[in-house]
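>>> generate a structure from the sequence data that follows.
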Amino acid sequence: MLRGLLGPTGGGKTRRLRILFGLGGAGAGRVELFGRSRAAGAPPIPVGVAGFVEDPSFYPYLSGRINLELLAELDGRASGARIDEVLARVGLSARSEDRVNGYSSGMRQRLGIAACLLRAPRLLLLDEPTAGLDPSGVREVRELVSELSSAGTAIILSSHQIDEIEEVCDSFTVLSRGRGVWDGTAGELRAQGPASGHALHTSDDARALQIASGHAGVQARATAGEGLVVRAERSALDSLALELGRAGVAIRRLQQLVGPLESMFMELTGEGATGSIDAVPEHRHGDQTGPGA
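Have a look, this model is predicted:
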């Protein structure tokens, strides 16, 4: 299980993880982990749980391995063989003797996950593990948590970067102002979420807009430059593509701008109106032009 914990900045994601770790108290309600209540005075880090809130911190002038050795000694749960195992698991064996201040951001995040794995956790809680990373670092961390989830570790992944976790999580919880406002599986999200928004570039945009505007289940508008913005469910989008082909209009590029999770997130948290085609941006930040689908 890999669950995404989503919410805007200040929405309560980090506070909720702190409560699960025992680093803060809940103002109301009850906290349970593995079927047991988290009573006042309980150990701050429950057995079987590991993770970090905000950024994982290490002694920068010590090597990655020595940092893990110190943590293992404090926790009393890991051997030297276990340290070798987790370093290999996160791909840091070759750099384990290097000082942490020479690590990239992605390597420091992987070392943070290695520190969590020392406990062989059943539940892994990660707070914004891709924050501040370049695209390569984001990909490294995303692939690693996917591998851990596939191997049987339950993971809760906190983030406000929706596009970074939409494809890796199999279920989601959305928070707004400290409260859960939606909870469900990826399948339920696709069934309940508003239609996705896409950028559409064709060989005849004027004709494509005319066809799309009369097509059931499709909203479309022209952009300030070339191309169209289209909002439609997948089945309606497929049907539109076929109709454009029959009309002799070639699709040169079709690119998702707003997915179902982002649409649902915006609707539930009040970050923006999502029912109208006007709510779909014309470009995704960082997009590259060129053919694609």
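
>>> for the nearest residue to residue 153 once chain neighbours are set aside, give me its contacts.
Nearest residue to residue 153 in three dimensions, chain neighbours excluded: residue 124, at 5.4 Å (CB to CB, 6 or more residues apart in numbering). Glycine gets a C-beta too; all of them are placed from N, C-alpha and C. By CB atoms under 8 Å, 6 or more residues apart in numbering, the contact set of residue 124 is 49-51, 113, 116, 145, 148, 153-156.

>>> doesn't residue 124 belong to a helix?
No. Looking at residue 124 with DSSP: H, G, I helix; E, B strand; the rest coil, it is strand, so not inside a helix.

>>> so what's it bridging to?
residue 50, residue 155 (DSSP bridges).

>>> tell me which residues of stretch 178-189 are tucked away?
Buried positions in stretch 178-189, judged by neighbour count with 16 or more other CB atoms under 10 Å: 181-182, 184, 186, 189.

>>> and what of stretch 213-221?
215, 218-221.

>>> who touches residue 204 in this structure?
248-249.

>>> and it, how far from residue 255?
Residue 204 sits 18 Å away from residue 255 when distances are taken as CB to CB, to the nearest Å.

>>> ditto for residue 221
For residue 221, the distance to residue 255 - CB to CB - is 16 Å.

>>> ok, residue 150 next?
28 Å.

>>> and those two? Which one has more around it.
Set residue 150 next to residue 255 and count neighbours by other CB atoms under 10 Å: residue 255 wins out with 19 against 9.

>>> in a helix, the more buried one, correct?
No. Counting by three-state DSSP, one finds residue 255 to be strand, located in no helix.

>>> which residues does it bridge with?
Taking DSSP bridges, one obtains residue 199 as the residues bridged to residue 255.

>>> wouldn't it be in contact with residue 227 here?
No. Using CB atoms under 8 Å, residue 255 makes no contact with residue 227, being 9.4 Å away.

>>> so where's the longest helix in this structure?
In the chain, taking DSSP state H as the definition, the longest helix is helix 135-150.

>>> what does that one rub up against?
Outside helix 135-150, the residues that reach it (CB under 8 Å, 6+ apart) are 1-2, 90-91, 104-106, 109-110, 113, 117, 124, 126, 129-130, 133, 155, 157, 164-165, 168.

>>> mind listing what's buried along it?
So for helix 135-150, counting by 16+ other CB under 10 Å, buried means 137-138, 140-142, 144-145, 148-149.

>>> measure how far that helix is from the centre of its chain, please.
10 Å (CA atoms, centre = their mean, to the nearest Å).

>>> for that helix, give the mean pLDDT please.
The pLDDT scores in helix 135-150 average 84.

>>> and the one helix or strand residue 15 maps to, C-alpha only, in PDB?
With elements taken from DSSP states H and E, the one containing residue 15 is helix 13-21. Presented in PDB, the C-alpha positions along helix 13-21 are these (Å, rounded to 0.1, in the frame of the first residue of the first chain):
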ATOM      1  CA  LYS A  13       0.000  17.200   6.600                       C
ATOM      2  CA  THR A  14       3.200  17.500   8.700                       C
ATOM      3  CA  ARG A  15       1.200  18.000  11.900                       C
ATOM      4  CA  ARG A  16      -0.700  14.700  11.200                       C
ATOM      5  CA  LEU A  17       2.600  12.800  10.700                       C
ATOM      6  CA  ARG A  18       4.000  14.400  13.900                       C
ATOM      7  CA  ILE A  19       1.000  13.100  15.800                       C
ATOM      8  CA  LEU A  20       1.500   9.600  14.400                       C
ATOM      9  CA  PHE A  21       5.200   9.700  15.400                       C
END
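
>>> so what strands line up beside the helix or strand just after that helix?
Next in sequence after helix 13-21, counting helices and strands by DSSP H and E, comes strand 32-33. Strand 32-33 pairs in its sheet with strand 36-37 (antiparallel), by DSSP bridges.

>>> the strand it pairs with: how far from the chain's middle?
28 Å.

>>> and if you look at stretch 97-116?
20 Å.

>>> give me the contacts around it.
So stretch 97-116 is in contact with 50-52, 55-56, 58-65, 67-68, 71, 86-87, 89-92, 95, 124, 126, 129-130, 132-134, 136-138, 140-141, 144-145, 148, going by CB under 8 Å, 6+ apart.

>>> quick one: buried ones out of these?
Listed as buried from the contacts of stretch 97-116 are 50-52, 56, 58, 63-65, 67-68, 71, 86-87, 89-90, 92, 95, 124, 126, 129-130, 133, 137-138, 140-141, 144-145, 148; burial here means 16+ other CB under 10 Å.

>>> now the strands for this protein?
2-6, 32-33, 36-37, 49-52, 123-127, 154-159, 171-176, 179-185, 196-202, 218-222, 228-232, 251-258 (DSSP state E).
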